[in-house]
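J.: Following is a predicted model, sequence given first.
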Amino acid sequence: SYKRLLVGEVPSMNEKRIEALNSLGFEWPLVNQVDWDVKLKELRQYKAKYGDCLVPRSFPDNPQLGKWVSAQRILHKQFCVGEVSPMNEE
């Protein structure tokens, strides 16, 4: 699913199908804002401890944080090149 793709997992829907829906302007459900805020807080804690935001994708202390950071980078790239992305300028 698209949600799995957003968190860096292998989606059950293949990329070709996701792109086909995106090309139609399909609106994907937004990631829960509370979850996003929690992950942002965890990233701030990571940065305070390690001095950067380079969370490994398979970070053993918090695997979901690594997947979330990876997903944020993917979404940012999509946004920057003008692709459909739930990310916006806020």
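T.: Arrived safely, thanks for sending. Only a predicted model underlies this, so the values are computations on that prediction, with no experimental measurement involved. Residues are numbered from 1 along each chain as shown.
J.: From V55, how far out is K77?
T.: 17 Å (C-beta to C-beta, to the nearest Å). Heads up, the C-betas are built off the backbone N, CA and C, glycines and all.
J.: the more surrounded of the two?
T.: Shown here are K77 and V55; by other C-beta atoms under 10 Å, V55 has more neighbours (22 against 12).
J.: Which of the three states applies to the closest residue to that one other than its chain neighbours?
T.: Of all residues not flanking V55 in the chain, V69 sits nearest, at 4.4 Å (C-beta to C-beta, 6 or more residues apart in numbering). The three-state label given to V69 by DSSP: H, G, I helix; E, B strand; the rest coil is helix.
J.: From the structure, what's the count of residues near V69?
T.: Per other C-beta under 10 Å, the neighbour tally for V69 reads 21.
J.: Report pLDDT for V81.
T.: At V81, the predicted lDDT confidence score is 83.
J.: Phi first, then psi, for it.
T.: Dihedral angles of V81 (phi, psi; degrees, to the nearest 10) stand at phi -100, psi 10.
J.: ditto for A20
T.: Torsion angles at A20 (phi, psi; degrees, to the nearest 10) stand at phi -60, psi -40.
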